[in-house]
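Peer 1: Fold the following.
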Amino acid sequence: MLQDLFAAPARRCVRVALPVAVDRLFEYAVPDALAAEAEPGRRARVPFESRRLVGVIVEALAAPSDPTLRLRPLESVLDPAPVLPAAWLGILREEAWRCLCPIGIALAAALPPGSRPRRGSRIALTPRGEAALGSGALRGPAREILAAIAKRPLGSRTLARRFAGASDLLATLAGDGLVTRAEGEAGSTRRARASAPGEPVEVLREEGARVTLTPEQDAALGAIAASVRARRPDRFLLHGVTGSGKTEVYLRAVDETLGAGRQALVLVPEITLTHQIVARLRARFGDRVAVLHSGLRPGERRAQWERLREGATPIAVGARSALFAPLADLGLVVIDEEHDAAYKNEEGFRYHARELAGRRAAAAGAPVVLGSATPSLETRFAAERGEIARLVLPRRIGGRPLPAVELVDLEKERALLPRGRKLLLSPSLRRAMRQTLEAGGQTILFLNRRGFSTQILCFECQHVERCKHCDISLVYHASQSLLRCHYCDYHIAPPETCSKCGAPDTALLGVGTERVVEEVRRQLPEARVARLDRDAARGRGVTEALLRDLAEGRVDVLVGTQMVAKGHDFPGVRLVGVLNADQSLHFPDFRAAERTFQILTQVAGRAGRGPMPGRVIVQTFLPEHYAIRPVLDHDYETFYRAELRERAALGYPPTGELAHAVVSGSDPEQAQAAAQRLAREIAEPAAAAGVEVLGPAPAPLAKLRGRHRFQILLKGRDREAVHGTARRLLDAAARLPRGLRVGVDVAPVNMM
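Peer 2: Numbering: from 1, shown residues only. Have a look, this model is predicted:
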């Protein structure tokens with residue numbers, strides 16, 4: 001090829017991981033001018049086919065692996081120092097292999113936020129411009145523009161936004177030889193600019209002496225602190241009922257870590273939970289806290305990342321991606337609500353933050369604290385086998401009782417209603433809400449869905465309005481008067497007649513948060529009612545403002561989805577109502593019972609955290625189900641034993657291993673045939689390795705964003721055997737026709 005004629009002669013070279021769907025490293029020659037900079041962990045710009053890509057240098061070699069190759073050279077090295085230290089780089093390579101992810105895609109996930117270089121034209125001072133600025137001869141806007149770009153080159157659009165009439169003035173300055181346009185890298189680490197985090201977090205101030213720990217808290221802290229001081233990578237399960245003071249243990253453990261001169265990482269599952277724990281951390285540690293999550297603007301995240309890398313901030317807190325924070329001397333990792341599915345990355349690099357954090361902490365000699373009132377079965381099982389030390393906080397702090405829980409049998413309640421009438425709020429729940437309001441308390445109503453109603457059904461032909469791209473019913477949103485798909489955002493106006501048979505007799509079925517708000521306002525017109533779900537929380541700062549209103553008593557009833565269920569601590573909440581406890585039990589997922597018990601226990605735990613006792617009313621059609629009955633007594637262990645028996649009988653985690661493959665394509669017959677071909681190709685070696693191949697079968701979401709989906713499940717007792725079979729399937733997928741996609745998830749969390 002023509003490009004090979006101009007390739008550099010083979011000298012010293014490097015292997016670079018590029019963000020492409022090819023699981024290999026690419027070799028490039030190192031020009032003499034870049035020899036001192038081309039070290040592992042730095043980013044480099046390289047030619048790739050007909051494009052220019054940015055990758056991470058992974059290895060330095062004295063010579064090419066194949067001496068006959070004429071390697072293309074690196075074009076530039078973008079970082080003055082490694083952004084991925086050697087130890088962290090090694091861990092990420094191992095995790096990428098375990099997750100069956102191309103190394104370049106995995107490393108891209110760990111790069112500094114907002115650092116992806118962009119090629120662009122920037123305005124810079126010439127030597128003549130520097131002299132003119134220094135002489136003081138310029139006045140007015142011209143001087144202001146030159147002074148701005150003297151600090152660093154700026155894009156013309158940035159200057160136009162900042163200075164009126166900048167476009168014409170720049171042309172004049174360029175004509176006078178005072179400025180020049182230069183092609184450069186935007187977003188390089190060299191040019192990172194510090195800025196305030198910009199997050200609207202209220203900083204609480206703790207007055208007086210710290211609270212006295214309970215004996216159980218003190219024992220838990222002692223075990224964690226001993227590991228911090230000894231630099232032992234121990235793993236702890238801090239298993240405490242809701243309101244037992246897990247956060248105080250976290251704070252004391254962070255204090256011990258800082259006292260040892262090391263850094264701490266605190267992970268929470270959702271952005272909405274960072275605000276409360278950030279307030280607690282800042283109240284205790286001031287400005288020694290950096291926040292990292294995707295809700296921040298890129299520049300804000302980058303500024304926080306730089307503070308951590310420079311050692312100016314010893315504490316990093318955030319959601320899943322904060323795991324990649326640049327902590328040179330990591331001394332402690334805390335993972336709050338460790339059971340939460342949000343810790344699993346479902347796209348690209350399918351890592352689980354809990355597992356990857358454990359590997360990072362082990363390399364750093366740092367303990368990991370996994371906190372939860374409802375631990376994942378995997379974590380609780382590991383504790384039972386002695387792989388994790390279990391620290392138990394069995395009661396709430398201050399001697400406060402756990403809330404009393406009442407189960408309302410919806411089958412019996414609905415039998416008392418006139419035919420066709422819906423029951424949103426049972427009489428028991430309505431009475432409790434009235435009593436709570438009159439006593440000055442607050443109520444949380446939990447519903448595991450959003451919108452006004454789930455679907456529009458035709459009574460004549462039973463047709464349900466569905467998304468044309470996804471195999472899912474459309475949800476009606478009253479505030480927008482739209483039917484909307486919650487996967488691809490396809491939306492239409494509600495039809496006046498059935499789109500299948502033309503009949504006018506259609507009805508809204510099911511209940512959403514908007515419908516519940518409407519009903520609460522009808523039952524309690526004097527109550528101040530608010531709603532918190534993904535739709536209501538889309539605006540920047542909306543969630544924080546709403547939660548602040550709840551904390552300060554400006555909301556009487558909060559209706560919400562899972563966003564209200566986790567981690568929040570509002571002393572005024574005395575009543576929690578669960579409108580339909582069974583809904584998540586019917587998901588086609590082997591973890592359905594576990595998730596049901598967890599969410600019910602978590603949302604119940606929002607009640608009675610203040611001085612007044614709490615009450616929980618759970619509406620259910622299945623009051624005797626083993627995932628619901630133990631909620632009465634906040635009895636995790638009874639649920640755990642029952643669920644573990646179910647899993648063991650079927651060979652599901654934690655007693656077995658799984659891998660989940662999804663084949664998708666625009667043509668359903670082609671996608672199904674491809675899935676059948678893959679299953680046949682791996683059947684014999686899978687059987688020899690003791691791995692069962694289930695499927696292919698249509699995925700629970702059989703059509704998503706216009707693609708038809710078929711799934712294959714690999715199940716076995718041995719982790720390496722399942723992993724090897726999954727890799728063999730992925731290798732076979734490379735031979736499928738173009739247009740088909742195959743995604744393989746080892747140790748899946750979401751089976752939809």
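Peer 1: Pro744 and Ala661: what is the separation?
Peer 2: In this structure residue 744 is Val, not Pro. 5 Å (C-beta to C-beta, to the nearest Å). For glycine as for every other residue, the C-beta is placed from the backbone atoms N, C-alpha and C.
Peer 1: Ignore what I typed, I meant Glu643.
Peer 2: From Glu643 to Ala661 the distance is 25 Å (C-beta to C-beta).
Peer 1: go on, Asp718?
Peer 2: 18 Å.
Peer 1: With neighbour numbers in mind, choose between the two.
Peer 2: Taking other C-beta atoms under 10 Å, Asp718 and Ala661 do not tie; Ala661 has more neighbours (28 against 13).
Peer 1: The more buried one bridge partners, please.
Peer 2: Ile712, Val744 (DSSP bridges).
Peer 1: If you tally nearby residues, what's the number for Gly743?
Peer 2: Neighbours around Gly743, by other C-beta under 10 Å: 18.
Peer 1: let me fix that: Arg431
Peer 2: 12.
Peer 1: can you pull out the strands in the stretch 601-750 of the chain?
Peer 2: With DSSP state E, counting those that start in this stretch, the ranges of strands along the stretch 601-750 of the chain come out as 615-620, 657-665, 692-704, 707-716, 741-746.
Peer 1: Which one of those lies nearest to Glu406?
Peer 2: Nearest of those to Glu406, taken as C-beta to C-beta: strand 615-620 at 5.1 Å.
Peer 1: and the closest one, which strands flank it?
Peer 2: strand 404-409 (parallel), strand 573-578 (parallel).
Peer 1: Pick the most buried one from the ones you listed.
Peer 2: strand 573-578 (a mean of 27; mean count of other C-beta atoms under 10 Å).
Peer 1: what about that one, average pLDDT?
Peer 2: For strand 573-578, mean pLDDT is 94.
Peer 1: And that strand, how far out from the chain middle?
Peer 2: 27 Å (C-alpha atoms, centre = their mean, to the nearest Å).
Peer 1: And for it, what's in contact with it?
Peer 2: 403, 425, 429, 432-433, 436, 439, 441-446, 550, 600, 603-604, 606-610, 612-620 (C-beta atoms under 8 Å, 6 or more residues apart in numbering).
Peer 1: Mark which of those residues are buried, thanks.
Peer 2: Buried members of the contacts of strand 573-578, counted by 16 or more other C-beta atoms under 10 Å: 403, 425, 429, 432-433, 436, 441-446, 550, 600, 603-604, 606-610, 612, 614-620.
Peer 1: So which of those belong to helices?
Peer 2: Counting by DSSP state H, those place Leu429, Ala432, Met433, Thr436, Leu550, Leu600, Val603, Ala604 in helices.
Peer 1: which regions of the stretch 51-200 of the chain lie under the pLDDT threshold?
Peer 2: Where the stretch 51-200 of the chain drops to pLDDT under 70, the residues are 114-121, 135-139, 157, 164-165, 167-168, 171-172, 175-177, 181-198, 200.
Peer 1: quick revisit: from the ones in helices among the buried ones among the contacts of strand 573-578, which is closest to Leu736?
Peer 2: So of these, ranked by how close each gets to Leu736 (C-beta to C-beta), first place is Leu600, at 42.5 Å.
Peer 1: can you pull the contacts of the closest one?
Peer 2: Val578, Ala581, Val618, Ala627, Ile628, Val631.
Peer 1: Among the residues you listed, list the two that are farthest apart in space.
Peer 2: Most distant of these, by C-beta to C-beta, are Val578 and Ala627, 12.7 Å apart.
Peer 1: First-to-last residue distance for stretch 326-340?
Peer 2: When the termini of stretch 326-340 are compared using C-alpha to C-alpha, to the nearest Å, they are 24 Å apart.
Peer 1: And stretch 571-582, by the same measure?
Peer 2: 28 Å.
Peer 1: Now find how far off-centre it is within its chain.
Peer 2: With C-alpha atoms, centre = their mean, you get 25 Å for stretch 571-582.
Peer 1: same thing with stretch 266-278?
Peer 2: Distance, centroid of stretch 266-278 to centroid of chain: 11 Å (C-alpha atoms, centre = their mean).
Peer 1: got the contact list for Asn403?
Peer 2: Just to correct that, residue 403 is Pro rather than Asn. Val576, Ala604, Gly605, Ala607, Gly608, Pro613, Gly614, Arg615, Val616.
Peer 1: For those residues, could you give me a markdown table that also reports distance to Leu730?
Peer 2: What follows is these, written out as a markdown table (distance: C-beta to C-beta, whole Å):
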| residue | distance to Leu730 |
| --- | --- |
| Val576 | 45 |
| Ala604 | 42 |
| Gly605 | 41 |
| Ala607 | 47 |
| Gly608 | 50 |
| Pro613 | 54 |
| Gly614 | 49 |
| Arg615 | 51 |
| Val616 | 46 |
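Peer 1: ok, of those, which one's closest to Asp32?
Peer 2: Gly605 (63.2 Å).
Peer 1: Show me how the record splits this protein into domains.
Peer 2: Taking automatic domain parsing as the reference, the chain has its domains at 2-109, 122-186, 215-398, 404-453+510-646, 657-746.
Peer 1: closest one to Ala493 among the ones you listed?
Peer 2: Taking C-beta to C-beta, domain 404-453+510-646 is the member of the domains of the chain nearest to Ala493, at 14.0 Å.
Peer 1: can you give me phi and psi for Leu524?
Peer 2: phi -130, psi 70 (degrees, to the nearest 10).
Peer 1: what about the nearest residue to Ala648 once chain neighbours are set aside, distance to Ala303?
Peer 2: Leaving aside its chain neighbours, Ala648 sits nearest to Thr655 (4.4 Å; criterion: C-beta to C-beta, 6 or more residues apart in numbering). Per C-beta to C-beta, Thr655 is found 46 Å from Ala303.
Peer 1: Look at the two and report which has more neighbours.
Peer 2: Taking neighbours as other C-beta under 10 Å, Thr655 and Ala303 compare with Ala303 leading, 21 against 15.
Peer 1: Mind telling me what element the more buried one is part of?
Peer 2: Using DSSP states H and E, Ala303 sits within helix 298-309.
Peer 1: Check which helices and strands the next helix or strand after that helix sits against.
Peer 2: Under the assignment DSSP H and E, the closest C-terminal helix or strand after helix 298-309 is strand 315-318. Using 3 or more C-beta pairs under 8 Å, 6 or more residues apart in numbering; DSSP states H and E, the elements in contact with strand 315-318 are strand 263-267, helix 271-285, strand 289-292.
Peer 1: I figured Phe26 hits Pro47, correct?
Peer 2: No. Between Phe26 and Pro47 there is no contact under C-beta atoms under 8 Å: 10.2 Å.
Peer 1: ok, the two, which is more surrounded?
Peer 2: A direct count of neighbours by other C-beta under 10 Å for Phe26 and Pro47 places Phe26 higher, at 19 against 15.
Peer 1: Tell me the backbone dihedrals of the more buried one, please.
Peer 2: According to degrees, to the nearest 10, Phe26 has phi -120, psi 130.
Peer 1: follow-up on the earlier one: can you work out which residues contact both of Val744 and Ala661?
Peer 2: Common neighbours of Val744 and Ala661 (C-beta under 8 Å, 6+ apart) are Ala726, Leu729, Leu730.
Peer 1: Hmm, the last one is touching Leu100, no?
Peer 2: Going back to what we said before, that points to Leu730. Yes. Using C-beta under 8 Å, Leu730 is in contact with Leu100, at 5.6 Å.
Peer 1: hey, what's in contact with both of the two?
Peer 2: Val744.
Peer 1: Need the pLDDT of Arg717.
Peer 2: Predicted confidence (pLDDT) for Arg717: 95.
Peer 1: ok, it - contacts?
Peer 2: With C-beta under 8 Å, 6+ apart, Arg717 has these contacts: Gly651, Thr655, Gly656, Glu657, Gly690.
Peer 1: Just confirm the first one contacts Leu713, I think it does.
Peer 2: No. The pair Gly651 and Leu713 fails to qualify as a contact (C-beta under 8 Å) at a distance of 10.9 Å.
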